[in-house]
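**Q** Need coordinates for the following:
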Amino acid sequence: MRELIPISLVSEYVFCARSAWLAYVAGVFEPNEFTVEGEILHRRVHSKGSGKRTGKRQWRKVPVYSRRLGVVGYADLVEEIEGQFFPVEYKRGKARLRLSDQVQLCLQGMCLEEMLHCPIETGYIYYASSRRRLEVDLTGPLRRLTRKAIHEVRELVQQDKPPPAILSPKCRGCAQRSACMPDMPNVERFSWEEWLA
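**A** Residues are numbered from 1 along each chain as shown. I've put the predicted structure just below:
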């Protein structure tokens, strides 16, 4: 049986392939203020357990997996309303749909489909700073992109060096910046093979 890939790895890959390789293959990760804030948010969300509100049941930190896709992870929250299930992902920051967040949520939905034997077509991302929940369609193009990303991640983790560094605006708050060095010339001369040995 093939090894299960963490859902968080696929999400990180969609955000930045180099960052994903550094974290999951080289084992390099330096927390920063944003990752710590996200960790604290998730601890609070996960510690609340399950519950029931009027017409709605909720489960927190739900383990999810898909043998068909070969992925495993957690859903921050799963809601059940009138027999329909919805994954909810919690993110720090302001409400702004990012593709990597949508892929993470889509994978959670696809896992729940396989586990519960029912369609999961909608999910939500809750942004803590905005205190807003945005709806995400988990069908069509997003699902195709998500399957493609899983395939590409399987190839990524087999590589013996990271993808090239590309400086972009998302590098500013990235926890991997000091290891990635996107603004350094000739960074590819560094020997990853020697460093990992």
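
**Q** CA atoms for contacts and neighbours, from now on please.
**A** OK.

**Q** ok, and for stretch 97-107, which residues are buried?
**A** Ser100, Asp101, Gln102, Val103, Gln104, Leu105, Cys106, Leu107 (16 or more other CA atoms under 10 Å).

**Q** how close does Val28 get to Val103?
**A** To Val103, Val28 is 23 Å away according to CA to CA, to the nearest Å.

**Q** Kindly report the same for Arg68.
**A** 17 Å.

**Q** What is the burial count for Lys148?
**A** 11 (other CA atoms under 10 Å).

**Q** For my notes, confirm it occurs in a strand.
**A** No. Read with DSSP: H, G, I helix; E, B strand; the rest coil, Lys148 is helix and lies in no strand.

**Q** From Glu155, how far out is it?
**A** 11 Å.

**Q** same check, this time on Asp76
**A** 28 Å.

**Q** These two: who's more crowded?
**A** Taking neighbours as other CA under 10 Å, Asp76 and Glu155 compare with Asp76 leading, 22 against 10.

**Q** And the pLDDT at the residue nearest to the more buried one when sequence neighbours are not counted?
**A** Nearest residue to Asp76, sequence neighbours excluded (CA to CA, 6 or more residues apart in numbering): Lys61, at 4.6 Å. pLDDT, Lys61: 92.

**Q** Under a three-state scheme, what state does Lys61 occupy?
**A** Applying three-state DSSP to Lys61 yields a three-state assignment of strand.

**Q** Could you verify that Arg96 is part of a helix?
**A** No. Looking at Arg96 with three-state DSSP, it is coil, so not inside a helix.

**Q** There's contact between Cys106 and Leu138 in this structure, I believe.
**A** Yes. Under the criterion of CA atoms under 8 Å, Cys106 makes contact with Leu138 at 5.4 Å.

**Q** For these two, list the residues in contact with both.
**A** Gly123 (CA atoms under 8 Å, 6 or more residues apart in numbering).

**Q** circling back to that earlier point, filter the buried residues of stretch 97-107 down to just the ones in helices.
**A** If you go by DSSP state H, the buried residues of stretch 97-107 have Ser100, Asp101, Gln102, Val103, Gln104, Leu105, Cys106, Leu107 in helices.

**Q** The fifth one touches Val10, doesn't it?
**A** Yes. Counting by CA under 8 Å, Gln104 does reach Val10; the two are 7.2 Å apart.
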